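Colleague: Build the 3D model from these lines:
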Amino acid sequence: MIITKEILKFFKVALNIIRKKAIVEGVYISDEVMYAANIECQAAYILEQKDITKPIVIPSKAAEYIISFPVNSKLEFLVKDSCLTIKSGRNKVRFSLLEENTYPKRSKKEDLLLSVNAGKFVESVKASAIAGDCNSPNTRVKCVHISVRNGKLISSATDGKKLAFVDIVPANCDVLEKCEITFPIAHIGYLSMFECADNIEINYANHKRAVTLKQDDFELSSTLIECSDINSLISITESIKNGTVNTFVVEQESLKTVLSRIALLSSVNENKIKCVVSGDTFAITNMDTTTACEQVIDISDSTSNSEVKMCLNLKDFKELVGSVDGEIKVICAGGDKPVLLEAENKLFLMTQFRC
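Modeller: A predicted model of the protein is given here:
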């Protein structure tokens, strides 16, 4: 077997998968495919090199040994008596093979939903995931929801206090109008298998209980998370944006800098900030009783003729601002209603504290 950059890329993702919730901590290899599986997802790579005559399951240590070699290294695989010997020049290592019959069956893709640019898809999933919470026991907040809304493919996520939704591309797909794909936030790192410049196919799998992403010889399958949708929260966000609101524009870098300074000077337990828009300035003050801090930055295109006050979560505000670039449009509906941040194709919602 010649170690290509594609094989190295697969094994790096495979090792991450089998180290989490794996039924068998190994990688399945046949003359057609290599794949790694746990109870939630699978990653597969279609082989062009026919070096394995009989399916085997190698342990994770063997996979770690393989990726220790540079690209274009030549390895010889010898299988005998339930053992695998890997030879490289004068060097050889022997590993005990795992039971092939007990390894999870490979996920089979079914209906093609659509094809979309991988770079735009991955970027939007990552951007919306910042509003979710992969560690929560609540299934609705530990995944990115992907659906068609108003003729556009969007990704969205929430943790109940903030929400993000991102336009991916215009979409003409009747199938997606009738369903919602839920991609686990914990699986986003596995998307590194895909080349951003090329398209990926989105398919159903396992009788619509999973979704498979395919690009060339790579496949990633994730079990769909069964949970309620978040369209009602998206509708609230859209109604605020389209209602009677005050808006202003601020530079991301300036806002990011002042939020970082306030976070530096605020205690860990104090996460509230008071924000006041007055004329062409935006003043942000922490509520720490030991180290008071006020930072003021310039804004533009303000639509308010009077002072506007907001009371926001410092950590959430800082994370959302740090996830975008360029100018940010801040949308305020007044009172204690949620505040929106808009940047390019991204829209974020933040709930307010009572000041």
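Colleague: where does this protein dip in pLDDT?
Modeller: Low-confidence segments of the chain (pLDDT under 70): 169-179, 355.
Colleague: Most remote residue from the middle of it, which is it?
Modeller: Arg90 (43.1 Å; C-alpha atoms, centre = their mean).
Colleague: Ramachandran coordinates for it?
Modeller: Dihedral pair for Arg90: phi -90, psi 0, per degrees, to the nearest 10.
Colleague: distance of it from Glu76?
Modeller: From Arg90 across to Glu76, the span is 12 Å (C-beta to C-beta, to the nearest Å). Backbone N, C-alpha and C define where each C-beta goes, glycine included.
Colleague: Asp280 too?
Modeller: Per C-beta to C-beta, Asp280 is found 71 Å from Glu76.
Colleague: Against Ile3, how distant is the residue farthest from the centre of the chain?
Modeller: 17 Å.
Colleague: now swap in Ala129 and tell me
Modeller: Taking C-beta to C-beta, one finds Ala129 at 32 Å from Ile3.
Colleague: So which of those two has more stuff around it?
Modeller: Each of Ala129 and Ile3 has its neighbours counted (other C-beta atoms under 10 Å); Ala129 has more, 24 against 19.
Colleague: and for stretch 150-158, what are the contacting residues?
Modeller: 114, 116, 124-125, 127-132, 140-141, 143-148, 163-173, 176, 183, 185, 230, 233-234 (C-beta atoms under 8 Å, 6 or more residues apart in numbering).
Colleague: quick one: which of these sit in strands?
Modeller: The strands in this structure, assigned by DSSP state E, contain 114, 116, 143-148, 163-170, 183 from those.
Colleague: now the helices for the stretch 51-200 of the chain?
Modeller: With helices called from DSSP state H, counting those that start in this stretch, the stretch 51-200 of the chain shows them at 60-66, 118-129, 174-177.
Colleague: Let me know which of the ones you listed is the nearest to Asn246.
Modeller: When the helices of the stretch 51-200 of the chain are compared by C-beta to C-beta, helix 118-129 sits nearest Asn246, at 25.0 Å.
Colleague: Now find how far off-centre the closest one is within its chain.
Modeller: Mean-position distance between helix 118-129 and its chain equals 7 Å (C-alpha atoms, centre = their mean, to the nearest Å).
Colleague: Buried residues, that helix. List them.
Modeller: For helix 118-129, a neighbour-count test (16 or more other C-beta atoms under 10 Å) marks Ala118, Lys120, Phe121, Val122, Glu123, Ser124, Val125, Lys126, Ala127, Ser128, Ala129 as buried.
Colleague: ditto for stretch 28-41
Modeller: Tyr28, Ile29, Ser30, Val33, Met34, Tyr35, Ala36, Ala37, Asn38, Glu40, Cys41.
Colleague: same question, stretch 297-311
Modeller: Buried residues in stretch 297-311 (16+ other C-beta under 10 Å): Ile299, Ser302, Val308, Lys309, Met310.
Colleague: Same check on stretch 274-291?
Modeller: Buried, per 16+ other C-beta under 10 Å, within stretch 274-291: Lys274, Cys275, Val277, Phe282, Ala283, Ile284, Thr285, Asn286, Met287, Asp288.
Colleague: Would you double-check that the fifth one falls in a helix?
Modeller: No. Secondary structure assignment places Ala283 outside any helix; it is strand (DSSP: H, G, I helix; E, B strand; the rest coil).
Colleague: Wait, Lys309 touches Phe282, no?
Modeller: No. Applying C-beta atoms under 8 Å, one finds Lys309 not in contact with Phe282, separated by 11.4 Å.
Colleague: Overlap in contacts, the two.
Modeller: Cys275, Val276.
Colleague: After the helix or strand where Glu6 lies, which helix or strand is next?
Modeller: Assigned by DSSP states H and E, Glu6 belongs to helix 5-18. Using DSSP H and E, the helix or strand that follows helix 5-18 in sequence is strand 26-29.
Colleague: In its sheet, which strands sit next to that following strand, and in what direction?
Modeller: For strand 26-29, the pairing partners within the sheet under DSSP bridges are strand 33-37 (antiparallel), strand 56-59 (antiparallel).
Colleague: Give me the contact list for the shortest one.
Modeller: By C-beta under 8 Å, 6+ apart, the residues outside strand 56-59 that reach it are 24-30, 79, 84, 95-100, 103.
Colleague: That one: how far from the chain's middle?
Modeller: 29 Å.
Colleague: One more: the first one?
Modeller: The gap between the average C-alpha position of strand 33-37 and the chain average comes to 22 Å, counting by C-alpha atoms, centre = their mean.
Colleague: With stretch 54-64 instead?
Modeller: Put simply, stretch 54-64 sits 28 Å off its chain's centre (C-alpha atoms, centre = their mean).
Colleague: Give me the buried positions along it.
Modeller: Buried-residue list, stretch 54-64, by 16+ other C-beta under 10 Å: Ile56, Val57, Ile58, Pro59, Ser60, Ala62, Ala63.
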